[in-house]
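Q: just the structure for this:
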Amino acid sequence: MKKLVLLALIGGIMLSCNKKEEPVKDYVVLSGTIDNYKKRDVKLTSFRFEKKIKFNKKTKTFVDTLKIDKDGYYTLIFNKRKFNIYLLKNEDTKINLDYKNPDSIKFIGKNAAINNYFIEKSKVFSNQIVSLRDLLALEEEAFLDKVDLYKNSLTDIAIASNLPESFLKKEIKNIEYEYLRDLNYYPVYYPALSGEKDFVVSDNFPIVSENLNFNNGNDYVNSEYFRAILVDELKKKVNEKLTEDDNFYLTYMETIQTEITDTLTKNDLLFYETGKNGITFADDLDEYYKKFMAYSTNKSHEDELTEIYNSLKLTAKGNPCPKFDNYENSEGGTTSLDDLLGKGKYIYIDVWATWCGFCKRETPLLKRLELQYHDKNIEFVSISVDNVNSRNKWKETIEQKEMGGVQLFADKSFGSDFIKKFAIKGLPRFIMVDPDGNIVSPNAPRPSDGEKLINLLDDLGI
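A: Here you go, the predicted model:
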């Protein structure tokens, strides 16, 4: 008997040893079929993530294998159509869609209930809100009634959709953040949309920032609405501190450092809200760079900013200005920087585009400045970074706005060597060059800066 028991145990051990353990799946297969779709790819985006997935027009399908760290919110973009989806880190997801009929979309997979819930959620927005602009243009009482109704409707749908408990908790919080985002936007946007410039919300209007914890890294990653509220609140604090002589981005960076303690949130804000773009507008490049490096603890961010910094040092004050060659001139022919030098004049360069709203605000002020200094030792040059397909619009805008000075069209938009060497990311951008071709200021004051620009011109003896 003992021998039989022993043999059975040995047999069990041998079977267990021979049995292979199946590897844990650590990837997601995202695939789909799209009818009536003519583009070559679809795009998947999420927090600091973007990937293009090839679309096979013959088979009408796309497929890709993704490794993601955790379950999360994503957006699938089919040309001009966007769909919110939720991906589980080890579960496949499939989508069927007729591009001409977006209501036809169907999700297949373990998380189909979540993704089908997003479809119902978008219908509530279409039926109740229509557009965020329309919502924010409502009078206060009507606005508050509508956002309350919308929040309650979304909450009811979420609860009734048999969603996994872990996701439902996230989503209820996300619905609340969307509600708070709308409340936060209202006092800012309603005056502009309604024309009531002196409008102030009533004393009973909810105060968004009172009960929010802005040092929540998970919510920062998972909710675009949370991020929007946080950025708005930080900018309010920046504007309270800002003086006429302060640099906005430097003050913003210092505010992030003092107000945010969560490491992930702080590093992300420092790099994407201030560092990467703000360094190109720095009044003192070295000071800006040193402060960023002192505040940041993200090595990849520091490496990328160091690369930008080293590039910008080449276009710092006193260095020879990078050349542009044979840019199309609105008067016909081409113009190079060398054509403008050697005349004893400073060159005030305006980098702009026809689609840039802030650029358009500078145009009448720039025209007035040109008239004021038309007989002085300064040349006004405007360089458009519009896409090559917008060349006619560029010419029409110059004519309609009666823009003066030398009007040029960059050869490769933001890809032009001249634009890349100044690391220009935002518009408008103004650059001052001396008569010998050396940089006076890579970030010269705008015409709207008024006295600040006039003081620079006076100091230069213009």
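
Q: tell me how far residue 412 lies from residue 186.
A: 41 Å (CB to CB, to the nearest Å). In short, each C-beta sits where N, CA and C put it, glycine included.

Q: meant to ask about residue 163, not that
A: Separation of residue 163 from residue 186 (CB to CB): 29 Å.

Q: mind pulling up the pLDDT for residue 260?
A: Residue 260 carries a pLDDT value of 97.

Q: residues touching stretch 401-415, excluding its own?
A: By CB atoms under 8 Å, 6 or more residues apart in numbering, the residues outside stretch 401-415 that reach it are 324, 326-331, 335, 340, 350, 363, 366-367, 370-371, 379-388, 391, 394, 397-398, 416, 418-420, 424.

Q: please repeat the previous calculation with a cut-off of 6 Å.
A: Contacts to stretch 401-415, defined as CB atoms under 6 Å, 6 or more residues apart in numbering, come from residues 327-330, 335, 363, 370, 380-385, 387, 394, 398, 416.

Q: can you measure across that stretch, start residue to end residue?
A: Distance across stretch 401-415, first residue to last, is 26 Å (CA to CA, to the nearest Å).

Q: that stretch: which residues count as buried?
A: 403, 405, 406, 407, 408, 409, 410, 411 (16 or more other CB atoms under 10 Å).

Q: show me those that map onto strands.
A: Of the buried residues of stretch 401-415, the ones assigned to strands by DSSP state E are 406, 407, 408, 409.

Q: closest to residue 94 out of these?
A: The closest of these to residue 94 turns out to be residue 409 (CB to CB; 46.1 Å).

Q: what's the closest non-adjacent residue to the closest one?
A: Closest residue to residue 409 apart from its sequence neighbours, by CB to CB, 6 or more residues apart in numbering: residue 328 at 4.2 Å.

Q: from the buried residues of stretch 401-415, pick the one nearest residue 235.
A: Looking at those and their distance to residue 235, the nearest is residue 410, at 30.5 Å (CB to CB).

Q: what's the burial count for the nearest residue in space to that closest one that is not next to it in sequence?
A: Nearest non-adjacent residue to residue 410, counting by CB to CB, 6+ apart: residue 416, 4.3 Å away. The tally of other residues near residue 416 (other CB atoms under 10 Å) stands at 19.

Q: mind checking how far residue 416 is from residue 322?
A: 10 Å.

Q: re earlier: now the residue nearest to residue 410. Its backbone dihedrals?
A: Main-chain torsions, residue 416, degrees, to the nearest 10: phi -70, psi 140.

Q: which residue ranges of the stretch 151-300 of the chain form helices?
A: 165-194, 217-222, 224-241, 248-259, 263-268, 276-278, 285-295, 299-313 (DSSP state H, counting those that start in this stretch).

Q: nearest to residue 95, of those helices?
A: Of all these, helix 165-194 sits nearest to residue 95, with 18.2 Å by CB to CB.

Q: which secondary structure elements does the closest one contact?
A: Applying 3 or more CB pairs under 6 Å, 6 or more residues apart in numbering; DSSP states H and E, we find helix 165-194 packed against helix 132-136, helix 140-160, helix 224-241.

Q: just name the most buried of those helices.
A: Counting by mean count of other CB atoms under 10 Å, helix 224-241 has the highest mean neighbour count of the helices and strands packed on helix 165-194, with a mean of 17.

Q: could I have it exported to PDB, CA atoms only?
A: The C-alpha trace of helix 224-241 is given here as PDB (Å, rounded to 0.1, in the frame of the first residue of the first chain):
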ATOM      1  CA  GLU A 224      -7.200  65.300 -19.500                       C
ATOM      2  CA  TYR A 225      -9.800  67.300 -17.600                       C
ATOM      3  CA  PHE A 226      -7.800  67.200 -14.400                       C
ATOM      4  CA  ARG A 227      -4.700  68.400 -16.300                       C
ATOM      5  CA  ALA A 228      -6.700  71.300 -17.900                       C
ATOM      6  CA  ILE A 229      -7.900  72.400 -14.400                       C
ATOM      7  CA  LEU A 230      -4.400  72.200 -13.000                       C
ATOM      8  CA  VAL A 231      -2.800  74.200 -15.800                       C
ATOM      9  CA  ASP A 232      -5.500  76.900 -15.500                       C
ATOM     10  CA  GLU A 233      -5.000  77.200 -11.800                       C
ATOM     11  CA  LEU A 234      -1.200  77.500 -12.200                       C
ATOM     12  CA  LYS A 235      -1.500  80.100 -14.900                       C
ATOM     13  CA  LYS A 236      -3.800  82.200 -12.600                       C
ATOM     14  CA  LYS A 237      -1.100  82.100 -10.000                       C
ATOM     15  CA  VAL A 238       1.600  83.000 -12.600                       C
ATOM     16  CA  ASN A 239      -0.500  86.000 -13.800                       C
ATOM     17  CA  GLU A 240      -0.900  87.200 -10.200                       C
ATOM     18  CA  LYS A 241       2.900  87.200  -9.700                       C
END
